[in-house]
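>>> Following is a predicted model, sequence given first.
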Amino acid sequence: MSEYVNKIYEIVIEKDPEQPEFHQAVKEVLESLVPALERHSIFKKEKILERIVEPERVVMFRVPWLDDNDDIQINRGFRVQFNSALGPYKGGLRFHPSVYLGIMKFLGFEQIFKNSLTGLPMGGGKGGSDFDPKGKSNREVMKFCQSFMLELYRYIGPNVDVPAGDIGVGSREIGFLYGQYRKIVNQNDGVLTGKGLEYGGSLIRPEATGYGATYFAEEMLKIKGLNLKGKICTVSGSGNVAQYIVEKVNQFGGKVVSLSDSNGSIYDPEGINGKKYEYLLELKQIRRGRIKEYAEEFNVEYRPNKRPWDIKCDIAFPSATENEIEKADAQNLVDNGVIAVTEGANMPTSLEGTNIFLEAGVAFGPGKAANAGGVATSGLEMSQNAMRLSWPREEVDARLHEIMVNIHNTTYQVSKQYDKPGNYVLGANIAGFLKVANAMIAQGHW
């Protein structure tokens, strides 16, 4: 990193030494921005980096709620409103025991550039709680969501901040949150996205991140003169993102041979398709079961406490959580001949792993570009709510596909302009940054 960029990074660490995930996200972005800062001296003069690494607002609050035993439980809630230069803050809510301020800042910082790349008028933010919905009854989840919204509603609105779902926040949680929000403000203003179709949601929204990641992978392969047909794919996770990567890869003629959850992974060399895919959806969406049950049902290999990155594949889709591909995992994938890695999750590859992929010439789609389909379709949901319209499935999917193709083309063209053709990390970071930085300058010193 340049001396100037390194100074900014050191300040970030000094101010918040206990937030390693945030440090990692900042370092990856700042390293990529060096060529752009050298070309555009105005960004240093206007202190864009110093401003962009500081959230505009951080809200932290307690969330007391009553469990089924009538005992009071207390969790901590967060909303990090990072940057609104391009529009209302936009980003999901995560309910998971690992949530703390550093995770929220990392996710919110990434969201700035991801939302910029979509071309839609959305700023970057993120929120959530250390509440764990796993093992809780529907009533307990409802009680928690209602208490959470009693505080959050003060800071959100259709033209201010529009949260969505993330890990631990699916259609059930969004429904409870939105119902409480409406009761408090007495308005139907579409302030949450990922809503049910019955009350303002958009078709394709549950599928959007997985579909979008697969569209991005297909575009990266086209640059190499290839496509997904006949390719062996490993996927981690088994939530919405992973499920719909499986569906879309199958449609493109590829074969997904792995999925995982926090307890382990499965290896199904015949591919997860047909009745097996239908079973997967029922297992995860209705019964909320564990992926081990898939292995038992279809007599395939279950790998306790193992990730799928030692399985030989053409394309990898890390779609579970941050830093799930570490240095050794990345080297395993390269040694086994992987040609493309597409991040379905947020920052699932460590910096060391990312560098291994880039040095090996692997087509690497970073999350802020490759998994932007979810927030892009949330933006489309916002548009439909504002116009009181509901677009058909085919129209939303076509718009999503177009956005993902544009994101790919933008990041690839920027990587060429900065003499690193095919380096999507550099291309995504610079492309996302330039739009936000210019908007910040245009709007003055705020």
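Yes, it's here. Note that the coordinates shown come from a computational prediction; the quantities given were computed from them, not determined experimentally.
>>> domains for the protein, by residue range?
If you go by automatic domain parsing, the domain ranges for the chain are 3-187, 208-365.
>>> from the chain's centre, how far out does the last one sit?
I take that to be domain 208-365. Using Cα atoms, centre = their mean, to the nearest Å, the mean C-alpha position of domain 208-365 is found 15 Å from that of the whole chain.
>>> Repeat that for the first one.
Centroid separation between domain 3-187 and its chain, computed with Cα atoms, centre = their mean, is 12 Å.
>>> Renumber starting at 3 from here on
That works, and once the first residue is 3, the last one we named lands at domain 5-189.
>>> in this structure, which spans are strands?
59-68, 74-85, 91-97, 125-131, 163-167, 234-237, 257-263, 266-269, 303-306, 317-319, 342-344, 365-367 (DSSP state E).
>>> Tell me which of these sits most buried.
Using mean count of other Cβ atoms under 10 Å, the stretch among those with the largest mean neighbour count is strand 317-319, at a mean of 31. Every residue, glycine included, has its C-beta placed from N, CA and C.
>>> so what strands line up beside that strand?
strand 234-237 (parallel), strand 342-344 (parallel) (DSSP bridges).
>>> Show me the one of those strands that comes nearest Arg156.
Distance to Arg156, taken as Cβ to Cβ, is lowest for strand 342-344 among those, at 37.8 Å.
>>> Just send the domains of the chain back as TSV, with mean pLDDT too.
Output for the domains of the chain, formatted as TSV (pLDDT from 0 to 100):
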stretch	mean pLDDT
domain 5-189	97
domain 210-367	97
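>>> Pull up the gap between the closest residue to Glu209 other than its chain neighbours and Glu284, please.
Spatial nearest neighbour of Glu209, excluding adjacent residues (Cβ to Cβ, 6 or more residues apart in numbering): Tyr246 at 4.2 Å. With the distance defined as Cβ to Cβ, to the nearest Å, Tyr246 ends up 15 Å from Glu284.
>>> which one of those two has more residues nearby?
Tyr246 (24 against 11; other Cβ atoms under 10 Å).
>>> I'd say the more buried one and Gly212 touch.
Yes. In this structure, Tyr246 is within contact of Gly212 by Cβ atoms under 8 Å, at 2.9 Å.
>>> before we move on, back to that, any chance of the strands paired with strand 317-319 in CSV, with distance to Val65 too?
What follows is the strands paired with strand 317-319, written out as CSV (distance: least, Cβ to Cβ, whole Å):
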stretch, distance to Val65
strand 234-237, 33
strand 342-344, 35
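>>> Of all those strands, which one comes closest to Gln21?
strand 342-344 (25.8 Å).
>>> Tell me which residues are up against the closest one.
215-216, 218-219, 222-223, 316-320, 327, 335, 351, 359, 364-367, 372 (Cβ atoms under 8 Å, 6 or more residues apart in numbering).
>>> gap between the residue nearest to Glu209 and Ile50?
36 Å.
>>> center of the protein - which residue?
Nearest residue to the geometric centre of the chain (Cα atoms, centre = their mean): Asn348, 4.5 Å.
>>> what's the closest of the domains of the chain to Leu436?
Short answer: domain 5-189, nearest of the domains of the chain by Cβ to Cβ, at 6.6 Å.
>>> end-to-end on the closest one?
51 Å (Cα to Cα, to the nearest Å).
>>> And stretch 221-240, by the same measure?
End-to-end distance (Cα to Cα), stretch 221-240: 24 Å.
>>> Stretch 271-279 now?
14 Å.
>>> how about it: buried residues?
273-275, 278-279 (16 or more other Cβ atoms under 10 Å).
>>> Output the strands of the chain as CSV; include the columns distance to Arg290.
Putting the strands of the chain into CSV (distance: least, Cβ to Cβ, whole Å) gives the following:
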stretch, distance to Arg290
strand 59-68, 20
strand 74-85, 20
strand 91-97, 14
strand 125-131, 19
strand 163-167, 15
strand 234-237, 19
strand 257-263, 11
strand 266-269, 17
strand 303-306, 18
strand 317-319, 22
strand 342-344, 26
strand 365-367, 29
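>>> closest one to Leu152 among those?
Across those, closest to Leu152 is strand 59-68 (Cβ to Cβ), at 8.4 Å.
>>> Parallel or antiparallel, list what pairs with the closest one.
For strand 59-68, the paired strands and their directions (DSSP bridges) read strand 74-85 (antiparallel).
>>> Mind checking the strands paired with strand 317-319 for the one nearest to Gly94?
Nearest of the strands paired with strand 317-319 (Cβ to Cβ): strand 342-344, 19.3 Å.
>>> in the stretch 53-202 of the chain, which spans are helices?
Assigned by DSSP state H, counting those that start in this stretch, the stretch 53-202 of the chain shows helices spanning 103-120, 140-154, 173-187.
>>> just these: most buried one?
helix 103-120 (a mean of 26).
>>> Report the buried residues of stretch 17-29.
18, 21, 23-29.
>>> nope, stretch 295-312 is what I was after
Buried, per 16+ other Cβ under 10 Å, within stretch 295-312: 295-297, 302, 304-305, 308-312.
>>> quick check, nearest of these to Gly94?
Arg309 (23.4 Å).
>>> May I ask you to confirm that that closest one is in contact with Ser267?
Yes. Assessed by Cβ under 8 Å, Arg309 is found in contact with Ser267 at 6.1 Å.
>>> Give the intersection of the neighbour lists for the two.
Ser238.
>>> mind checking how far the closest residue to Tyr6 other than its chain neighbours is from His410?
Leaving aside its chain neighbours, Tyr6 sits nearest to Lys46 (6.3 Å; criterion: Cβ to Cβ, 6+ apart). Noted for Lys46: a distance of 30 Å to His410, by Cβ to Cβ.
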